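Engineer: I would like to see how this sequence folds:
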Amino acid sequence: MPCKVLIIDDEPLARNRMRSLLEVYPDDVEIIGEASSATQAVEKIKTLHPDLIFLDIQMPDKNAFEMLQDVQDEEFLIVFTTAFDHYALNSFEEDVLDYLLKPIAEERLQKTIEKIRNMFPQKPTVPTGQFWDKLNIALSHLNQQYLQRIQVKIGNKIILVPIDEVIRFKSEDKYTVVYTLTNQYIIDTPLIELEVLLDPRQFVRVHRAHLLAADYIAEIQREEAGRLCVVLKDKYKTVVPVSRNFVKRVRSL
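Structural biologist: Below is the predicted model of the structure:
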């Protein structure tokens, strides 16, 4: 019997990517639903009772560790999907089925599928005991994993730009422009990879090309066409469009 799977990720593209990767294995996994936030994930876990969840660590309302504390009575296994390196998840190796680093490669997912085959149709058991102790430790140290500074290469030197000085990131072609109140820099880290390294309480995605520091948003306005936009606190009073996919997130600021 296929393993019942719930995909949890706040990025629609990431959910679609995971779904397309898993649909290659219909004999091993059955996708029973998706969740785009921690709140929605808790509701679906309690109603759909998945055997396994593919769980993004960073989400706008709660992170994965906080979310897991709300479903301790449910029985399921976990595959973390994250941009964090291996060191951030070392303590979970005994209790979590697997972890996948984004962007997820097809050949790496095959190893996860092999683990699923070894576990099912055997009934999975809920992580108990030391797992929750490790979870609380990870939760208490999670803020230390967020990016604290950006490395910018200029000529033969590297400048360190504190994250607290960044007011926005903008995706342009193959590069990302980093804006502060006084300067702008170009880095080659894609916006989608950069976002998962930043504290979601500090930065908010408003558009596929724009990631903003929440504290530097001055106003939320509605344009003539009905679309939302935000006005920043920089000297130019920069106006940034809000795409439909991120309206709820902006309104929750």
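Engineer: Give me the below-cutoff pLDDT ranges for the stretch 51-200 of the chain.
Structural biologist: 84-95, 121-145 (pLDDT under 70).
Engineer: where along it do the helices fall?
Structural biologist: 64-69, 106-119, 130-140, 191-195 (DSSP state H, counting those that start in this stretch).
Engineer: Which strands and helices lie in contact with the helix or strand Val240 falls within?
Structural biologist: Val240 belongs to strand 239-241 when elements are defined using DSSP states H and E. When contacts are defined as 3 or more Cβ pairs under 8 Å, 6 or more residues apart in numbering; DSSP states H and E, strand 239-241 sits against strand 203-207, strand 210-213, strand 228-232. Placement of C-beta: from N, CA and C, glycine included.
Engineer: Look up the closest residue to Glu193, ignoring the ones flanking it.
Structural biologist: Ala83 (5.8 Å; Cβ to Cβ, 6 or more residues apart in numbering).
Engineer: how near is the one you found to Arg117?
Structural biologist: 27 Å (Cβ to Cβ, to the nearest Å).
Engineer: One more: Leu13?
Structural biologist: For Leu13 relative to Arg117 (Cβ to Cβ), the value is 28 Å.
Engineer: okay, the two: which has more neighbours?
Structural biologist: The neighbour comparison of Leu13 against Arg117 (other Cβ atoms under 10 Å) goes to Arg117, with 14 against 11.
Engineer: any idea which residue sits dead centre in this protein?
Structural biologist: Gln58 (3.8 Å; Cα atoms, centre = their mean).
Engineer: Next one: it relative to Phe80, how far apart?
Structural biologist: 11 Å.
Engineer: Mutual contacts of the two, please.
Structural biologist: Common contact partners of Gln58 and Phe80 (Cβ atoms under 8 Å, 6 or more residues apart in numbering): Ala64.
Engineer: Glu23 contacts Ile31, doesn't it?
Structural biologist: Yes. Between Glu23 and Ile31 a contact is recorded at 7.2 Å, counting by Cβ atoms under 8 Å.
Engineer: Give me the more crowded residue out of those two.
Structural biologist: Neighbours were counted for Glu23 and for Ile31 using other Cβ under 10 Å; Ile31 has more, 19 against 10.
Engineer: rewinding a little: need the next SSE after the strand holding Val240, C-terminal direction.
Structural biologist: Following strand 239-241 toward the C-terminus (DSSP H and E): helix 247-251.
Engineer: mean confidence for that next one?
Structural biologist: Averaged over helix 247-251, pLDDT sits at 83.
Engineer: So what touches it?
Structural biologist: Applying Cβ under 8 Å, 6+ apart, the set of residues contacting helix 247-251 is Pro60, Val204, Arg205, Val206, Ile220, Leu228, Val230, Val242.
Engineer: List only those of those flagged as buried.
Structural biologist: Pro60, Val204, Arg205, Val206, Leu228, Val230, Val242 (16 or more other Cβ atoms under 10 Å).
Engineer: neighbours of the closest residue to the third one other than its chain neighbours, just the number please.
Structural biologist: Residue nearest to Arg205 in three dimensions, not counting chain neighbours: Leu211, with 5.2 Å by Cβ to Cβ, 6+ apart. As a burial measure, the neighbour count of Leu211 was computed by other Cβ under 10 Å and equals 22.
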